[in-house]
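> sequence unavailable; structure follows:
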Ligand code: MG
């Protein structure tokens, strides 16, 4: 049985993952408005991944005899200054999520909940990847700039995610 403390913390994390999903969808909508279909496609895949994370937590709470309690999701930002600023936000956001997952892991340690720790190992590993990917894209954007050809090349590169 999941402790009440962990149940609350896992429900909070479901909210963070669904909020992430919503944020990425808003970023995708911005990219569509800027005629950047590759960025939009990359961000929509990210949206799906985040709701997948929420569903993993949902399943875990239920399997452990807990109760899933959904919470309010805030409106995400609608506009971004530029594609580079958007990826700065992605990286900042993923760093925040990493910190939240680390906190959740500390709580699972305190509560001596071993199966929660095993589940969270997966999330911790995935955050390393999320931050590395966001950081790599951001660095390329900073290097290549946002004008004309460079941005079109970046859009084409991002369009390839999920195609191989
Ligand atoms: Mg996530």
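Here it is on my side, so go on. What you see is a predicted model, and the numbers here were worked out from it, not measured in a lab. Numbers count the residues shown, from 1 in each chain.
> now the residue of the chain found nearest the ion, nearest residue through space, not along the chain?
Closest residue of the chain to the ion, CB to the ion: residue 53 (3.9 Å). Quick note: C-beta positions are derived from backbone N, CA and C, even for glycine. Computed as CB to CB, 6 or more residues apart in numbering, the closest residue to residue 53 that is not its neighbour in sequence is residue 17, at 4.3 Å.
> mean confidence for whichever strand or helix holds the one you found?
Here residue 17 sits within helix 4-33, counting by DSSP states H and E. The pLDDT scores in helix 4-33 average 98.
> tell me which residues of that helix come out buried.
Within helix 4-33, the residues scored as buried using 16 or more other CB atoms under 10 Å are 6-7, 9-28, 30-31.
> for it, packing partners?
Here helix 4-33 touches helix 37-63, helix 83-110, going by 3 or more CB pairs under 8 Å, 6 or more residues apart in numbering; DSSP states H and E.
> please identify the buried residues of the first one?
The neighbour-count criterion (16+ other CB under 10 Å) identifies 38-44, 46-47, 50-51, 53-54, 56-58, 60-61 as the buried residues of helix 37-63.
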